[in-house]
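# Mind folding the following:
(one chain, ligands or ions: 1)
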Amino acid sequence: MPTEPNEPLDSPEALERRLRWIGATRYHSLHPFHKLLHGGKLNKGQVQAWALNRYYYQSTIPLKDAVVLSRFRDRQIRLEWRHRIEDHDGSFDSEGGIERWLQLTDGLGLDRAYVESTDGILAATRFAVDAYVHFVRDKTPLEAVASSLTELFAPNLHEERIAGMLQHYDFISPAVMTYFKRRLDQAPRDAEFALNYVMEHARTPAERQAVCGALTFKTDCLWVQQDALYHAYVTGMIPAGAFRPEAA
Ligand SMILES: O=C(O)c1cc(C(=O)O)c2c(n1)C(=O)C(=O)c1cc(C(=O)O)[nH]c1-2
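Below you'll find the predicted structure:
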């Protein structure tokens, strides 16, 4: 069970407990927009808005990971990190996560060129995702690795999403949920590497605090994207220029 945040960060195990506490209290799985999405409470237009905005996150992840790679002179770490880029971009003969995401947006009836242009996304999505890239560029390599640790908490969310969306939406088929099924294998491996890395390399309480700060920052990047979706597509304040669902 994650402990309360007053425990001193005087060991790798205390760090892990604190990281899990941050996830348990701040991960975007707790966000009301996700509750609506997984509980079948959104209409197709609102699900389209989510997938369209989320494409910007997906398509930026390999850029972010390329920046993380560039922070390490240690070839072993680059080798380990490199597969993340391949997981998303794929290779010449196998599709990756971005292609699988586009299959989801195709399945939702969105035009591919429009999705890939990112023209219709919310400014808040762009700002939050770009902030993540800037963070891994500007902070220490340790913090850059630590900021990926939200992936520790992603598999539970993906399980909930696959089950919830298939159950509740007649416009969602198993084929378009392939992206999330693949992440169920990929994310734990990535998260385990990053967790072991920070537990080994954060050696002082101050470094462990910085690791926690990086994870907190990342939960904020994810949370504000959900806030923006809620504001625009649930409350109904869609900003000029952003995607407008057809009467759904
Ligand atoms: O669906 C989600 O809620 C979710 C969250 C996260 C995350 O926690 O950052 C990632 C993903 N999905 C994901 O699919 C993914 O590939 C991914 C990579 C990363 C990262 O920080 O490097 N996070 C995430």
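# where's the residue in the chain positioned nearest to the ligand relative to residue 228, distance?
With Cβ to the nearest ligand atom as the measure, residue 150 is the residue of the chain nearest to the ligand, at 3.1 Å. In this view, the C-beta of every residue, glycine as well, is placed from N, C-alpha and C. In this view, residue 150 and residue 228 are 18 Å apart by Cβ to Cβ, to the nearest Å.
# now swap in residue 180 and tell me
Using Cβ to Cβ, we find residue 180 at a distance of 22 Å from residue 228.
# can you check residue 50 too?
Distance of residue 50 to residue 228, computed by Cβ to Cβ: 11 Å.
# More neighbours: which of these two?
residue 228 (23 against 20; other Cβ atoms under 10 Å).
# How about that one, nearest residue that isn't a chain neighbour?
Leaving aside its sequence neighbours, residue 228 sits nearest to residue 124 (Cβ to Cβ, 6 or more residues apart in numbering; 3.5 Å).
# What residues does that neighbour make contact with?
Neighbouring residues of residue 124 by Cβ atoms under 8 Å, 6 or more residues apart in numbering: 224, 225, 227, 228.
# doesn't it fall inside a strand?
No - read with DSSP: H, G, I helix; E, B strand; the rest coil, residue 124 is helix and lies in no strand.
# so how far is residue 99 from residue 49?
Residue 49 is 21 Å from residue 99, by Cβ to Cβ.
# Compare those two (neighbour count), which wins?
Neighbour count, other Cβ under 10 Å: between residue 49 and residue 99, residue 49 has more, with 26 against 14.
# How about the backbone phi and psi for residue 243?
Backbone torsions for residue 243, taken as degrees, to the nearest 10, come to phi -50, psi 130.
# Is it in contact with residue 121, as I believe?
Yes - if you go by Cβ atoms under 8 Å, residue 243 and residue 121 touch, sitting 7.3 Å apart.
# who's more crowded, those two?
Set side by side, residue 243 and residue 121 show unequal neighbour counts under other Cβ under 10 Å, the larger going to residue 121 at 23 against 19.
# Now that the more buried one has come up, it's in contact with residue 51, right?
No - with contact defined as Cβ under 8 Å, residue 121 does not reach residue 51; the gap is 10.8 Å.
# Return the residues of the protein in contact with the ligand.
Proximity of the chain to the ligand (Cβ under 6 Å from any ligand atom) is limited to residues 61, 97, 148, 150, 151, 154, 157, 158, 183, 222.
# leaving aside the residues next to it on the chain, what's closest to the first one?
In other words, residue 61. Of all residues not flanking residue 61 in the chain, residue 88 sits nearest, at 5.4 Å (Cβ to Cβ, 6+ apart).
# Who are the contact partners of that neighbour?
Neighbour list for residue 88: 58, 61, 62, 65, 96, 97, 98 [criterion: Cβ under 8 Å, 6+ apart].
# The third one - how many residues pack around it?
So that's residue 62. If you count neighbours by other Cβ under 10 Å, residue 62 ends up with 18.
# Looks to me like it is in a helix.
Yes - counting by three-state DSSP, residue 62 is found in a helix.
# Just give me the neighbour total for residue 52.
Neighbour count of residue 52, defined by other Cβ under 10 Å: 24.
# Equivalent analysis for residue 66, please.
Applying other Cβ under 10 Å, we find 16 residues neighbouring residue 66.
# what helix or strand does it sit in?
helix 44-70 (DSSP states H and E).
# Tell me which helix or strand comes right after that helix.
Reading on from helix 44-70 to the C-terminus, the next helix or strand found by DSSP H and E is helix 75-89.
# For whichever helix or strand comes after that following helix, C-alpha coordinates in PDB please.
Following helix 75-89 in sequence order, the next helix or strand is helix 97-107 (DSSP H and E). Extracted C-alpha coordinates of helix 97-107, given in PDB (Å, rounded to 0.1, in the frame of the first residue of the first chain):
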ATOM      1  CA  GLY A  97       1.600   2.300 -32.000                       C
ATOM      2  CA  ILE A  98       0.900   5.400 -34.000                       C
ATOM      3  CA  GLU A  99      -0.500   3.400 -36.900                       C
ATOM      4  CA  ARG A 100      -2.600   1.500 -34.400                       C
ATOM      5  CA  TRP A 101      -3.800   4.800 -33.000                       C
ATOM      6  CA  LEU A 102      -4.800   5.900 -36.500                       C
ATOM      7  CA  GLN A 103      -6.800   2.700 -36.900                       C
ATOM      8  CA  LEU A 104      -8.800   3.800 -33.800                       C
ATOM      9  CA  THR A 105      -9.400   7.300 -35.300                       C
ATOM     10  CA  ASP A 106     -10.300   5.700 -38.600                       C
ATOM     11  CA  GLY A 107     -12.800   3.400 -36.800                       C
END
